[in-house]
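In: quick check, what structure comes out for this input:
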Amino acid sequence: MKISEKIKCSKMLYVFIIFCASPLWADWNAEEEKINFLLTEIGQVDGMFIRNGSEYAPEEAVAHLKMKMENAMNSWFAPEKDEWTAEMFINKIASKSSFSGKLYQIRFKSGQIVNTGEWLHERLKDFKASQ
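Out: Have a look, this model is predicted:
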């Protein structure tokens with residue numbers, strides 16, 4: 001094979017890889033948008049978050065979940081970034097304590113207490129319905 005043919009083949013391979021990989025980026029972007037929506041919803045809760053028996057303001061809950069997500073995504077045993085979904089975020093990060101296994105909860109101003117994971121799954125359904 002001539003050098004010019006090798007260059008042409010490598011360029012075609014490069015274009016093919018970029019073309020095939022772009023849906024993966026698009027998928028992560030869509031999932032990241034959903035996760036950011038969920039974090040925004042948490043930040044706007046009119047109540048407190050309960051984690052391991054202590055109450056936290058919504059902003060503190062968001063900061064904690066962002067930290068957990070970043071740690072999880074940078075862990076050597078975590079799935080690749082493009083494999084993460086909003087459902088995984090809810091189930092693996094935002095539903096319960098990694099240390100104690102206790103479920104996270106939300107105590108609304110009305111006094112109602114809900115499990116954060118269930119509440120987030122409902123918010124995600126609302127997000128998907130609005131798209």
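
In: what segments of the chain are strands?
Out: Ranges of strands in the chain, per DSSP state E, are 47-51, 54-56, 105-108, 113-115.

In: of these, flag the one that's most buried.
Out: strand 47-51 (a mean of 20; mean count of other C-beta atoms under 10 Å). Using the backbone N, CA and C atoms, a C-beta is placed for each residue, glycine as well.

In: and that strand, what other elements does it pack with?
Out: If contacts are counted by 3 or more C-beta pairs under 8 Å, 6 or more residues apart in numbering; DSSP states H and E, strand 47-51 sits against strand 54-56, helix 58-73, strand 105-108.

In: mind putting those into JSON lines with distance to residue 89 and mean pLDDT?
Out: Formatted as JSON lines, the helices and strands packed on strand 47-51 follow (distance: least, C-beta to C-beta, whole Å; pLDDT from 0 to 100):
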{"stretch": "strand 54-56", "distance to residue 89": "18", "mean pLDDT": "98"}
{"stretch": "helix 58-73", "distance to residue 89": "6", "mean pLDDT": "96"}
{"stretch": "strand 105-108", "distance to residue 89": "16", "mean pLDDT": "98"}
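
In: would you mind measuring from residue 43 to residue 127?
Out: Noted for residue 43: a distance of 15 Å to residue 127, by C-beta to C-beta, to the nearest Å.
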